[in-house]
Structure formats: C-alpha cells, structure tokens
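Chemist: Provided below are the primary sequence and the corresponding predicted coordinates.
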Amino acid sequence: MSYYDIDAILTDAEKLPCTFQIDVPDLGYLDNAPTQTLRAGAKVALPLWLAEMLAVANDDQGKSFVNFDLPRALGNDVIQALKADPRAVPLRDQSAHFFGLATRMMDLLAEEQELGSVLRKTFVTRATEIALHARKVGGGGKAAGGDDGASNLGVGGAGEEFLRGLDETERKLFRKAHEGAKAAKEWMENVKKH
Amino acid sequence: MDIDDILREVDPVFHAVPQEKRDLQDLTRAWVAERCAPELLHWPADGLFERVNDNIKRQIEKVEEMTGDMDPKTNFALIVLQTELERFKYIVRSYLRARIAKIDRHTLHYLSTDELRSRLSEMELAYATRHQALLHNHYLSSFLSSFPPQMQNLNDAGGNSTMIDTPDLESAVFIRLLIDTVVEGRGVDADGEMNGKVDDIVILRWSDAKPLVDAGSAELV
Amino acid sequence: MPLYGDLGNKLVQHAKRTQNLIHLPPYQAELVRAVAREVRDLDRDLKSILEPFQGSFDPTADQATACTLLVNHLSMRRNKRCLLAYHRTRADKLEELVWSGADVLDLAGQQTAGGANGVMGANDGGASSLSPQEEDYVRQYGDLLAAYKGQWTDIDLTGSLEPPRDLFIDVRVLKDAGEIQTEYGAINLTRNSQFYVRQGDVERLISQGYLQKLG
C-alpha cells in the first residue's frame, strides 16, 4: 500500500462498526459524549486507520481494545446480491472504494474464505463486462482524436447504469482498457494509411 | 554474462559488427527494457550513453555542414541523416524520461541502499538527491516544521506501514526467450512451470522474469 | 462532533479532485493550518497525559491510558499522511507544468482575479492558486530541471515523447509568436498563417499552444 496514494488514503477513511472491549475515560468523544467514559461494549463507527490498529493492539491476555465487524458495504445483503449477479450491483453506492476496502478487509480477515471467493468472482465477472464496454465506447466511426476521454462514460441504456456503478478501482480499469482500445485502433488506422 | 557474450561465443563474426551499430542495438534494447520494467534498471556501465551522445553531436555537426549545400543529391542524404538523427534523439529522450519518471515516483526508495543507488547515473543521482531535498524543504516550510520533532521525518517505518513507497515488483511483463529455458511463474492459486523455447513470448510477474532477464536468457518486449 | 482526522480527510478529497483537473485549484491554506494545529494539540495532550508518569508509564498496567495514547498517536500519524499527500499531489502537478514549459508563476498570477499584477500578485491579493512556498518550489525545481537538461543539450529532454514520424509537418499559427530561427532561415509566425516546418524546430511552440499541428 502506497503512503502517498490518494485512493489508498481515502480507502483508509472508510468506517467499520467497532465494539470497545475496555472502559476508556478520555475517549467519550468518539461516541459523541466528550465528558463521559467510553464504556466497554459501546458500539462506535471508526475509520479503518484507527480501527485496524486498535484491534491489533492487545494486552498480555490477548484482549484487544476493540473488535470490529465487516462494513455494511461487505454485509450479507450486498454479498447475496453479488452472488446472484455481480453485474447488477452498483458497487459505487456501497463505497467509492469498494475493492480497496474489500482488499484491506481480506488482509485483516484471512479466515473469511467464502467472502473472498465471492469478491474475486465479482471482480473477474465485472472486469470482463468493463472491458467489453471500454471497447464499444468511441468505436463507432468517429475519426481518431475526436473524443478527449473526459466525458465518454455515456454509452446509453443499461451500459450507462452499469458504468455509473463502478468503484474507483474499476473506473481506473475502464480508463486503461478504453485508452488501450483507442491506441490500438489509431495504430491500425496508421498502418493502413502508410 | 549478457546477450552479447552469448552471441560472441556462438558467432565469431559478431566482432565484425561496427561499434555504432552495436550501440544502436544496445540502446534500443535498454530503451524497450526500461519502458517495460516496473522498476528502475541499471544505467549501462560501459559508456554506451557517452558514445551515443558523442555520435549525436557528430551527426548534428554533419547536418549543419551539409545544410548550406543545396545540391538535390546531398539534400536527399541530408533528409535521411536528419530522420535518423531525430530517431536517435527520440530514443535517448524517451529512455531518460522513463527513468526520471521512475526515480521521481520512488525517490527515497532508490536512494535508500548502495545497491539501489548504483543503478542511477551520476547525473541522476545528483538530480534525485536534490529533488528529494527540495521536496522535504517544501514540506517543512509549508507545515512540517511546526510538528513535534519526532514527527518530522519522511522515512518512518513500522506499525505495519512504511513511508517509503516502492515499485510493484509483482506487476506483469512480457518477455521473449533468447534461449531454450525452463520458465517458472508464481500464480495466485498455483504456480506454473513451462519448458520455454527460443522466441517464445511469455507474460509473467516481473519478480519471476527478472532472473531470466538478468542472466540474458530473455529480454523484455 | 468531528473526529480527529476529519479535516485531514477533507484535504485529501481536495487532492483527489486536483488529480482530475488540468489547472491547479487554490491552495487550501486555512485547512492546512487547521490540520497542522490538530497535530500540535494532539501532541500537547499526549505529553500532558504522560507527564504524571515521569517516564515510567507501563501500558499493560493501565489499558485505558494506553488506548487513549494510541488513538492520539494514530491521529497524528494520519494527519501527517494527509498533509504530505496533499502537498505531494500539488507538487507533482507543478512539476508536470514545469516540464511542459509553461510559465507556472505567470499563470498563477493571471488567476488572481483582482487584477494584482503578475507573479507577485500573491502577496497583496492573496488570491494566487499557489502558496508562497509553492512558488518557491516551482522556481527551485525549474532550476534543478534546467541543470539536469543542460547535461543533455542535444537531446532536448522536454521535447515530444511521440515517436518521430514525419520530419516536416504542417502547422497553423494560433498566437503571434514572433520570428523563429530554423536551419532553413527565419520564419515570422503571425496569427492564422500556415507553414511547413521541421517538427524539431517548433515542438516547444506546439506544446505551449502557439502552433497547432495539422493533418
């Protein structure tokens, strides 16, 4: 994970549902009550950068400061929907950094093997779909250099809806695939010309 | 041992190839490799770039000499020479820019050990050192100097994260095999192995390809 | 109640937007100051929590304090990362502009809407999109790049990264650029005129927007 990477930093800000395991007098502000002790058992949503380290740190009996659960974006409803049809879920509505978050969670929760395989299948299925769309866009005749790549997400119909639901990782993938397809097309045209 | 040594062994005529032509081959190979590899490769130690640079200088002088002459015959030669010159300049430029881009992205990484520093040319080392100093200075004057002293470093490591970004050595590259050799590649679920033949083109992780490329058994494409 | 690190996150969202823009949006001086202040506040808290222990704090004996200290420390680290990434994103953008040959400081001056003139407009108008520190950085990086380029005078390091195809190209003049010297004599570049010129001679003018390549 890159220290200066903007998307990695934003992914780190995604919140996880956490449960405190000990009483902490000075941390009431985390639960909107600055003057009160944060009690063991209190449920607080904490950003990943905080939750992860608080969960890892523990006393000599191996008890952590907090335990955390999966974020809602990776909750049962979403996973069931992804199992049914990975392409039908607008991941962006769950989290703009859905796969970044998913990767971080899988690093923390290696035992969640079933979740891992659903996510992987989701990524592969959607990536194929993305590649398909990336090739279609701008492929309709216009001379090379006609579109600037800035606003070519509009493809119309169901495709448009699917592309709107891409998370940041997928958007990057789409852009790369699109640039690749465009460059290949330009190259082919040049070969024909010369 | 690199590809030239191999060629020399199997082909005694190899020495007859003029230095300039060999330099162009080496330059092209270095350029393609640098553009394809996810990490910075070694600056050629054999004075390749000094020779190429001298060659470009000589060509420019020749072009200038010939420009005054408007005889159509030499004029055609001039255009050929200029086209060749532009191509040479482009390859060197593109090579240097590819390297600077990598150095800029992971400056602290390439300055962190002697082995990594030795990959840079003297000029690149001077550039990288100064660039890093300018950046640190910029951070200090913008906000960092108001931090408690123990928070002012740019190279903290520990707590399962490091501030020093490194290139991704697991990203995929294409290689062409220069000899018959076994190619081993690690996958996500299982590892793979194949008996590669000369001219086979293989896609694999850079970390798996690097030993083959370093040994001269394969080249990046 | 805002959490420590929320302001830092705002800064990174600015950086995210910056990545997708061609121009450089205004420097968030206010926000940068606030995030840096948060770091100093957290450090002060940290010191005052530790003070009664006189250097003999035992984290296993006092879990609650250990937890508070960890949260403090992580929040400081998070803010530092946000600040660095924000400044780095902008510095990358500035370097890109320096490479492209744009007169960055002049551009920054033009964006001062109040009409404060030119490069130094930032001081009185305060509306430059660059911070004074960034203006310094641009100057210093420009010098560094010039020094590195100077070692490769024949290559023109900032030239086009498109492989050369045609030695000569057709260009149209978009802005008056005065007279330039080429190997084939002087050409006077007046607006809307067209020329057939050697690509290497006019690359800089194309990237600076004076000329447009035709065909």
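Modeler: Structure received. Only a predicted model underlies this, so the values are computations on that prediction, with no experimental measurement involved. Residues are numbered from 1 along each chain as shown, chains lettered A, B, ... in the order given.
Chemist: so what pLDDT did C:Ala116 get?
Modeler: On the pLDDT scale, C:Ala116 is placed at 38.
Chemist: where does chain A come near chain C, residue by residue?
Modeler: With Cβ under 8 Å from any Cβ of the partner chain as the criterion, chain A meets chain C at residues A:3-7, A:9-10, A:12-13, A:22-27, A:29-30, A:32, A:34, A:47, A:49-50, A:53-54, A:57, A:59-60, A:65. (Glycine included, C-beta is placed from N, CA and C.)
Chemist: Repeat the analysis, applying 7 Å as the threshold.
Modeler: A:3-4, A:6, A:9-10, A:13, A:22-27, A:29-30, A:32, A:34, A:47, A:49-50, A:53-54, A:57, A:59-60, A:65 (Cβ under 7 Å from any Cβ of the partner chain).
Chemist: Quick check, pLDDT for B:His138.
Modeler: pLDDT, B:His138: 97.
Chemist: tell me the domain ranges of the chain?
Modeler: The chain I'm using is chain A. Here the domain parsing of chain A from automatic domain parsing is A:1-69, A:72-194.
Chemist: wrong one, chain B
Modeler: Looking at automatic domain parsing, the domains of chain B come to B:14-166, B:168-221.
Chemist: Out of those domains, name the one with the poorest average pLDDT.
Modeler: For these, mean pLDDT drops lowest on domain B:14-166, to a mean of 88.
Chemist: and it, does that touch chain C?
Modeler: Yes. Shown here: domain B:14-166 in contact with chain C (Cβ under 7 Å from any Cβ) through B:53, B:56-57, B:60, B:67, B:79, B:82-83, B:86-87, B:89-90, B:92-94, B:96-97, B:123, B:127, B:130-131, B:134-135, B:138-139, B:141-143, B:146-148, B:151.
Chemist: and those residues, which of them are in helices?
Modeler: Among the residues of domain B:14-166 next to chain C, the residues falling in helices (DSSP state H) are B:53, B:56-57, B:60, B:67, B:79, B:82-83, B:86-87, B:89-90, B:92-94, B:96-97, B:123, B:127, B:130-131, B:134-135, B:138-139, B:141-142.
Chemist: could you say which helix or strand contains the nearest residue to A:Asn67 once chain neighbours are set aside?
Modeler: Nearest residue to A:Asn67 in three dimensions, chain neighbours excluded: A:Thr19, at 5.0 Å (Cβ to Cβ, 6 or more residues apart in numbering or on different chains). If you go by DSSP states H and E, A:Thr19 is part of strand A:15-20.
Chemist: what sits up against whichever helix or strand comes after that strand?
Modeler: Per DSSP H and E, strand A:15-20 leads on to strand A:43-47 as the next helix or strand towards the C-terminus. Strand A:43-47 has contacts (Cβ atoms under 7 Å, 6 or more residues apart in numbering or on different chains) with A:Asp12, A:Ala13, A:Glu14, A:Lys15, A:Leu16, A:Pro17, A:Cys18, A:Thr19, A:Phe20, A:Leu30, A:Asp31, C:Gly5.
Chemist: how does it look with 8 Å?
Modeler: A:12-20, A:30-31, A:38, A:54, A:66, A:68, C:3, C:5 (Cβ atoms under 8 Å, 6 or more residues apart in numbering or on different chains).
Chemist: Which members of the ones in helices among the residues of domain B:14-166 next to chain C are classed as buried?
Modeler: Buried residues within those, counting neighbours by 16 or more other Cβ atoms under 10 Å in any protein chain shown: B:53, B:56, B:82, B:86, B:89-90, B:92-94, B:96-97, B:123, B:127, B:130-131, B:134-135, B:138-139, B:142.
Chemist: what subset of those residues is also close to chain A?
Modeler: Within these, nothing lies near chain A by Cβ under 8 Å from any Cβ.
Chemist: doesn't C:Gln181 fall inside a strand?
Modeler: Yes. Counting by DSSP: H, G, I helix; E, B strand; the rest coil, C:Gln181 is located in a strand.
Chemist: Which residue ranges make up the domains of chain C?
Modeler: Per automatic domain parsing, the structural domains of chain C span C:1-100, C:101-155, C:168-213.
Chemist: Buried only: go through the contacts of strand A:43-47 for me.
Modeler: Neighbour-count burial (16+ other Cβ under 10 Å) is assigned, among the contacts of strand A:43-47, to A:12-18, A:20, A:30-31, A:38, A:54, A:66, A:68, C:3, C:5.
Chemist: The lengthiest helix in chain C to strand A:15-20, inter-axis angle?
Modeler: Criterion DSSP H: the longest helix present in chain C is helix C:63-99. If you take axes from the mean of the first three to the mean of the last three Cα atoms, to 10 degrees, helix C:63-99 sits at 160 degrees to strand A:15-20.
Chemist: quick one: A:His97 and chain B, what's the gap?
Modeler: Going from A:His97 to chain B by Cβ to the nearest Cβ, to the nearest Å gives 17 Å.
Chemist: again, but for C:Leu144
Modeler: Using Cβ to the nearest Cβ, one gets 5 Å for the distance from C:Leu144 to chain B.
Chemist: Helix or strand with the lowest mean pLDDT in chain A?
Modeler: Across the helices and strands of chain A, mean confidence by mean pLDDT, DSSP states H and E is lowest for helix A:157-164: a mean of 81.
Chemist: On the C-terminal side of it, identify the next helix or strand.
Modeler: helix A:168-193.
Chemist: close to chain B, is that next one?
Modeler: No. Residues of helix A:168-193 are not located near chain B by Cβ under 8 Å from any Cβ, the shortest gap being 12.7 Å.
Chemist: ditto for stretch C:90-106
Modeler: Yes. Stretch C:90-106 is in contact with chain B by Cβ under 8 Å from any Cβ, via C:Ala91, C:Glu95.
Chemist: Next, the distance between the ends of that stretch.
Modeler: End-to-end distance of stretch C:90-106: 17 Å, with Cα to Cα, to the nearest Å as the criterion.
Chemist: Could you list the buried residues of that stretch?
Modeler: Across stretch C:90-106, burial judged by 16+ other Cβ under 10 Å covers C:Arg90, C:Ala91, C:Asp92, C:Lys93, C:Leu94, C:Glu95, C:Leu97, C:Val98, C:Trp99, C:Val104, C:Leu105.
Chemist: same thing with stretch B:201-215?
Modeler: Across stretch B:201-215, burial judged by 16+ other Cβ under 10 Å covers B:Val202, B:Leu204, B:Arg205, B:Trp206, B:Ser207, B:Asp208, B:Ala209, B:Lys210, B:Leu212, B:Val213.
Chemist: from those, which is closest to C:Ala177?
Modeler: Minimum distance to C:Ala177 across these is 44.5 Å, recorded for B:Trp206 (Cβ to Cβ).
Chemist: tell me the contacts of the closest one?
Modeler: B:Trp206 sits in contact with B:Ala37, B:Pro38, B:Glu39, B:Leu169, B:Glu170, B:Ser171, B:Ala172, B:Val173, where contact means Cβ under 8 Å, 6+ apart.
Chemist: where exactly do the strands run in chain C?
Modeler: Here chain C has its strands, by DSSP state E, at C:168-173, C:178-182, C:185-189, C:194-198, C:211-213.
Chemist: hmm, back to that, if I take the strand holding A:Thr19 and strand A:43-47, what angle do their directions form?
Modeler: Following the same axes, to 10 degrees, one obtains 130 degrees for the angle between strand A:15-20 and strand A:43-47.
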